[in-house]
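> Quick one: sequence and predicted model below, then my questions.
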Amino acid sequence: MYESPKDGENVVNLTNFHTSHSFSAVAQVEAYWEGLRQDKLLPKRSDIDPRGIEAALEYAFILERVAPGVARMRIAGSHLSDLMGMEVRGMPITAFLSTDSRRRFSDTLEELFATPAVGTLALRNDTGAVEGRMILLPLKSDMGDVTRMLGCFVTKGDIGADPCRFNIEDIKIRTISLAQTAFQPAPQAPADEVPQAPRATLQRTATGARTVPYLRLVKSDS
């Protein structure tokens, strides 16, 4: 999926690592994506560093939107090739879906790109022997448009020798929003407690004209 580091001591062998046949890799990839996002709406494709999801690499993939409802796999982990029995890079992500589920998946995919939103899918193959979980996490391209997606697809069960295609059992969509701090206006004192500026007192002169008193200098001998 990615080029291996030259330093062999830092290479982790994931051949037999299947997260105990659970779906924990999905949570790992989502947590990594959230960590990249922080206070941004979405991370960029260029932010993705495979070392951040090393334990889940065989299940991870990157999609590129090429048309409404259509996204091709630009990078894919070895587990996805095992499901299809062939190299899957360049293939549409809908290749993993049964014919009956492809339209629903395409509509969901377009919604995730457009909103943007996170999608989590519960899947099962035609025989019912293989259960799957997939998460789709939108990304921005270097141009700033939402046309990339980080994903993770984990299955549980014997996938067999033939291409394994799945039906959708459930879809959960979570809209992405920025965490905003509500504006708190400065507290205002009650009207009856607001100090009033002293008003100048009008005085009458000997001629009867009213004048405003003025300041005068008081000289002290001390």
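Everything's here; your move. Numbers count the residues shown, from 1 in each chain.

> Regarding this protein, what is its longest helix?
Secondary structure assigned by DSSP state H gives helix 99-114 as the longest helix of the chain.

> So which bits of that helix are buried?
Using 16 or more other Cβ atoms under 10 Å as the test for burial, helix 99-114 gives 101-102, 105-106, 108-113. For the C-beta atoms, the positions are set from N, CA and C on the backbone; glycine is no exception.

> All the strands of the chain, in order from the start?
Under the criterion DSSP state E, strands of the chain are mapped to 60-67, 70-76, 117-125, 131-139, 148-156, 166-175, 203-204, 210-211.

> closest to G90 out of the ones you listed?
G90 lies closest, by Cβ to Cβ, to one member of those: strand 70-76, at 5.9 Å.

> pull the CA atoms of that closest one into PDB?
Extracted C-alpha coordinates of strand 70-76, given in PDB (Å, rounded to 0.1, in the frame of the first residue of the first chain):
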ATOM      1  CA  VAL A  70     -18.300   7.400  -8.300                       C
ATOM      2  CA  ALA A  71     -15.000   7.100  -6.500                       C
ATOM      3  CA  ARG A  72     -11.900   5.000  -7.400                       C
ATOM      4  CA  MET A  73      -9.400   3.500  -5.100                       C
ATOM      5  CA  ARG A  74      -6.100   5.200  -5.500                       C
ATOM      6  CA  ILE A  75      -4.400   3.400  -2.600                       C
ATOM      7  CA  ALA A  76      -5.600   0.100  -1.000                       C
END
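
> any idea what sits nearest the most centrally placed residue in the chain, other than its immediate chain neighbours?
Taking Cα atoms, centre = their mean, the centroid of the chain lies closest to L42, which sits 5.1 Å from it. With sequence-adjacent residues excluded and distances taken as Cβ to Cβ, 6 or more residues apart in numbering, L42 is closest to K140, at 5.0 Å.

> residues touching that neighbour, list them.
Under the criterion of Cβ atoms under 8 Å, 6 or more residues apart in numbering, the contact list for K140 reads 42-45, 146, 148.
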